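Enquirer: Need coordinates for the following:
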Amino acid sequence: MYLEKSIELFTKGKKNLVGAVNSPVRAYKSVGGIPIFIKKASGSKITDVDRNEYIDFVLSYGPMILGHRNKYVDKSILRALKRGYTFGASTTGEIKLAKMVCDAFPGMDKVRFVNSGTEAVFSALRLARAYTGKDKIIKFAGCYHGHSDALLVAAGSGLATLSIPGSKGVPEDAVKNTLISEYNNIESVKKHIKKHKDIAAVIIEPVTGNMGVVLPTKEFIKELRFITKEKGILLIVDEVMTGFRSKYGGAQELLGIEGDITCLGKVIGGGFPVGAYGARNEIMQMVAPLGDMYQAGTLSGNPIAMACGIATLKELMIQRPYAKFEKTAKRLESVLLKAAKENGIDLQVNRFGSMINPFFTNEKVSNFKTAQTSDTKKFKTFFWNMIENGIFLPPSQYEAWFLSTVLSEKDLKKTENGIKASMKAVAEKHNV
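Expert: Model prediction:
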């Protein structure tokens, strides 16, 4: 496969960029080789600098739910660009998108836009502490909520990919109020609650995407909501990844729960840097300028980003692609499992809405511990063979694949053939 220009750019990039990348997973360390540099994208396809074209299942890790360069979204962005890039002042777009987001999430009366999921989450933690007057937070091993100090412990995604247990530069004092529980294990939560009386919030990905796609059991998620309410602990639901990907709104509604604070990102920006946190009035009244919890951002509510987000959500309201996503994900799951079985490969496939990924293990994946039983060497072989077959996947066993509304029947057949060929290559290389 011709990747000479990517190799050249990787070499050049190392001079002035850290590892030639601006986010660690892009470095391809867990799958080996050099990172692929992208030149352009359109519809369901993404094209690298060497003119190799791929069907895109990364979709910028989620936001490109309509595919790349949707015509309606493009027009909305161009109209906004002609009016100016940023003003450091309020615009009507912020009000429009705020109403759309609040209408989509029961229990959300007000929202504050920020510039990333990380910013949304650390702001939500500050808000929870301000509202409750308590300090401690419970998070779950393998759930990734951005790179803020207090949550960069037992995180999934890049940390799992690079085998880094935590991060240098995070002082002990920054994580002393962070308690770790096991996903899908309510007893691990109860243990902390029994021991500590100053817990402000529990934060959770309702369906994880950074240790791979892992779903909560009904019993676990319902009891988590019950016990947090009973003890006066806020439940922060991090829907940065799941928001608008399983329904028009959030995964929590499908799971039968309602968080106290919801964090969003990805799809609500449609490809631009947007994050948000929202809650009912009594909680959001704590945020400046209404209350004493300070949080600000010069580029928050950027008019171009708001235009893109509004257009993306409007298109989703028109298309209502969620039944189609379910059908497509089920089809890919079937092909993955069948191809693995035919080649004697242990494989589990987890999916939720438009998120799916295979785990190279014979264990049912229900938490970070079981996710880590995956054979990453087999995934590495699978990944590069999929690339050679024109399928662009996240370069990590522990990242979700994302579906877009523009996947065609031709795209799916090519993906199926790529899966079959790649599973065969895994079996041959690893003597299965």
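
Enquirer: The closest residue to residue 81 other than its chain neighbours: how many residues sit nearby?
Expert: Leaving aside its chain neighbours, residue 81 sits nearest to residue 304 (6.2 Å; criterion: Cβ to Cβ, 6 or more residues apart in numbering). Using the backbone N, CA and C atoms, a C-beta is placed for each residue, glycine as well. Here the count is done by other Cβ atoms under 10 Å, and residue 304 has 20 residues near it.

Enquirer: how close does residue 304 get to residue 79?
Expert: 10 Å (Cβ to Cβ, to the nearest Å).

Enquirer: do residue 69 as well
Expert: Using Cβ to Cβ, we find residue 69 at a distance of 15 Å from residue 79.

Enquirer: which of these two has more neighbours?
Expert: More crowded of residue 69 and residue 79, by other Cβ under 10 Å: residue 69, with 15 against 11.

Enquirer: Who are the contact partners of that one?
Expert: Contacts for residue 69 (Cβ atoms under 8 Å, 6 or more residues apart in numbering) come out as 41, 42, 43.

Enquirer: Please repeat the previous calculation with a cut-off of 10 Å.
Expert: 40, 41, 42, 43, 77, 271, 406 (Cβ atoms under 10 Å, 6 or more residues apart in numbering).

Enquirer: From those, which shows the smallest pLDDT?
Expert: In terms of pLDDT, the lowest of these is residue 271, showing 95.

Enquirer: Nearest spatial neighbour of that one, chain-adjacent residues omitted?
Expert: residue 63 (5.1 Å).

Enquirer: Report pLDDT for the one you found.
Expert: For residue 63, pLDDT reads 97.

Enquirer: Next: residue 149.
Expert: You'll see residue 149 listed with a pLDDT of 75.

Enquirer: Residue 168 too?
Expert: 73.

Enquirer: State the distance from it to residue 178.
Expert: Note on residue 168: its distance to residue 178, by Cβ to Cβ, is 17 Å.

Enquirer: Those two - which one has more neighbours?
Expert: Counted by other Cβ under 10 Å, residue 168 and residue 178 do not tie: residue 178 has more neighbours, with 19 against 5.

Enquirer: Look up the residues forming beta bridges with the more buried one.
Expert: With DSSP bridges as the criterion, residue 178 is bridged to residue 137.

Enquirer: what about stretch 41-49, distance to the chain center?
Expert: Offset of stretch 41-49 from its chain centre (Cα atoms, centre = their mean, to the nearest Å): 21 Å.

Enquirer: before we move on, the earlier item: identify each buried residue in the helix or strand hosting the residue nearest to residue 81, please.
Expert: Element membership for residue 304, per DSSP states H and E: helix 303-319. Burial within helix 303-319, assessed by neighbour count using 16 or more other Cβ atoms under 10 Å, is assigned to 303-313, 315-316.

Enquirer: How about the contacts made by residue 54?
Expert: Shown in contact with residue 54 (Cβ under 10 Å, 6+ apart): 36, 38, 41, 44-48, 386-387, 389-393, 414, 418.

Enquirer: The same query, at a cut-off of 6 Å, please.
Expert: By Cβ atoms under 6 Å, 6 or more residues apart in numbering, the contact list for residue 54 reads 46, 390, 392.
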